[in-house]
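Engineer: Just the structure for this:
(chains A, B, C and D)
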2 protein chains.
Amino acid sequence: MIADTGVRGVTVTEPLIRIGEVARDAGVSVRAVRYYEQQGLLLPRRSASGQRLYRPDTVTLVRFIQQMYAAGLTSRRIAELLPCWDSGHTDPGQRAMLRAERERIQAKVDDLRAALDRLDEVIAITDTHP
Amino acid sequence: MIADTGVRGVTVTEPLIRIGEVARDAGVSVRAVRYYEQQGLLLPRRSASGQRLYRPDTVTLVRFIQQMYAAGLTSRRIAELLPCWDSGHTDPGQRAMLRAERERIQAKVDDLRAALDRLDEVIAITDTHP
DNA sequence: CTAAAACCTGACGTTGACGTCAGAGGCAAG
DNA sequence: CTTGCCTCTGACGTCAACGTCAGGTTTTAG
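Structural biologist: Sure thing, here's the model as predicted:
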């Protein structure tokens, strides 16, 4: 969707933003935003002179992408899952992938918590051992 | 410590093991074990012919190293923290590092849990939306 | 109008924990 | 003795998400 509904039923076209604003608002580098496009995660429009133009909600999308990266998903996986994310429906294969990623992240959380416990042991020992 | 105390107060020298056994028992590759040495995490003895010889408890140490890697620590950080781990005492700088790493891992856990929540949202929507 | 700031397209560099290959020994069994 | 497995030392390759630089165009502020 390109248009947003404003007051009195008038359809107002939100101003498209350029790559610098996307990057700044989402807290990533301009290079990163271009990279996401190269990976098929973003499909910006282009101005007459060739500059990338994004809808404002791209900022939210970029934050989501970053969150998935932080969770250990690859660009390819994110690209495969984005359709479910913004279309709202998915095929059995995608559902299986979603669940598989969920399990992987859950396992990672468990590993990190175990590592935390190990570190806490060391901290406890070294705190009582001046 | 090189020796292990056996029955009747007799000091028994545990047989040293070679790199293949360390790798197999710890569930990593031989290459990884050599890499750990290169990073200063392991200091094996050498046989007359130059082969690496490890104490059996090296297997436990390698598992610990793997756990720290999984938690996002670098080789350098692990090398800096290993002294506290097996000496049992540490200076203020090391204590600060321990706590900093703890906080970093905790933050990572929080990020992963947030990502899990996002994925669960998508899963819930796509499950009710055939 | 002009200078600064932002944007463009390549294309090579970085980082970390290894994988992998080459070529050369070492070691117990038959 | 030789076969087969293990080990050794380099040294280059990998992968992913960007960083960074070069050289040029575009937009914006004054």
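
Engineer: hang on, residue A:53 is in a strand, isn't it?
Structural biologist: Yes: Residue A:53: assigned to a strand according to DSSP: H, G, I helix; E, B strand; the rest coil.

Engineer: confidence score at it?
Structural biologist: Residue-level confidence at residue A:53 comes out at 98, pLDDT.

Engineer: number of nearby residues for it?
Structural biologist: 15 (other CB atoms under 10 Å in any protein chain shown). From N, CA and C alone the C-beta is placed, and that goes for glycine too.

Engineer: Which helix or strand in chain A has the lowest average pLDDT?
Structural biologist: strand A:3-5 (a mean of 47; mean pLDDT, DSSP states H and E).

Engineer: right, is the longest helix along chain A up against DNA strand D?
Structural biologist: Criterion DSSP state H: the longest helix present in chain A is helix A:92-128. No: using CB under 7 Å from any atom of the strand, helix A:92-128 stays clear of DNA strand D, coming no nearer than 12.7 Å.

Engineer: ok, and does that helix reach over to DNA strand C?
Structural biologist: No: Helix A:92-128 is not in contact with DNA strand C by CB under 7 Å from any atom of the strand; minimum separation 13.4 Å.

Engineer: so for that helix, what's the average pLDDT?
Structural biologist: Helix A:92-128 comes out at a mean pLDDT of 92.

Engineer: So which elements touch it?
Structural biologist: Contact analysis of helix A:92-128 by 3 or more CB pairs under 8 Å, 6 or more residues apart in numbering or on different chains; DSSP states H and E lists helix A:75-87, helix B:58-70, helix B:75-87, helix B:92-128 as its packing neighbours.

Engineer: Out of those, which is the most enclosed?
Structural biologist: Of all these, helix B:58-70 carries the top mean neighbour count, a mean of 18, counting by mean count of other CB atoms under 10 Å in any protein chain shown.

Engineer: touching DNA strand C at all, it?
Structural biologist: Yes: judged by CB under 7 Å from any atom of the strand, helix B:58-70 and DNA strand C are in contact via B:66, B:69.

Engineer: Relative to DNA strand D, how far out is residue A:74?
Structural biologist: 4 Å (CB to the nearest atom of the strand, to the nearest Å).

Engineer: typo on my end, residue A:104
Structural biologist: For residue A:104, the distance to DNA strand D equals 14 Å [CB to the nearest atom of the strand].

Engineer: so that residue sits right up against residue A:72, yeah?
Structural biologist: Yes: assessed by CB atoms under 8 Å, residue A:104 is found in contact with residue A:72 at 7.0 Å.

Engineer: List the single closest residue to residue A:89 in space, sequence neighbours excluded.
Structural biologist: Once flanking residues are discounted, residue A:89 sits nearest to residue B:129: 4.7 Å by CB to CB, 6 or more residues apart in numbering or on different chains.

Engineer: Verify the stated contact: that neighbour with residue A:87.
Structural biologist: No: look at residue B:129 against residue A:87 with CB under 8 Å: they stay out of range, at 9.2 Å.

Engineer: Near chain B, which residues of chain A are found?
Structural biologist: A:64, A:67-68, A:70-71, A:81, A:84-85, A:88-90, A:94-95, A:98-99, A:101-102, A:105-106, A:108-109, A:111-116, A:118-120, A:122-123, A:125-127, A:129-130 (CB under 8 Å from any CB of the partner chain).

Engineer: Distance-wise, check the residue nearest the centre of chain A relative to chain B.
Structural biologist: Against the mean C-alpha coordinate of chain A, by CA atoms, centre = their mean, the closest residue is residue A:65 at 1.3 Å. Using CB to the nearest CB, to the nearest Å, one obtains 11 Å as the distance from residue A:65 to chain B.

Engineer: can you check residue A:31 too?
Structural biologist: Per CB to the nearest CB, residue A:31 is found 22 Å from chain B.

Engineer: Could you check how many residues crowd around that residue?
Structural biologist: Using other CB under 10 Å, residue A:31 has 10 neighbouring residues.

Engineer: Just the element for it, please.
Structural biologist: In the assignment (DSSP states H and E), residue A:31 maps to helix A:30-38.
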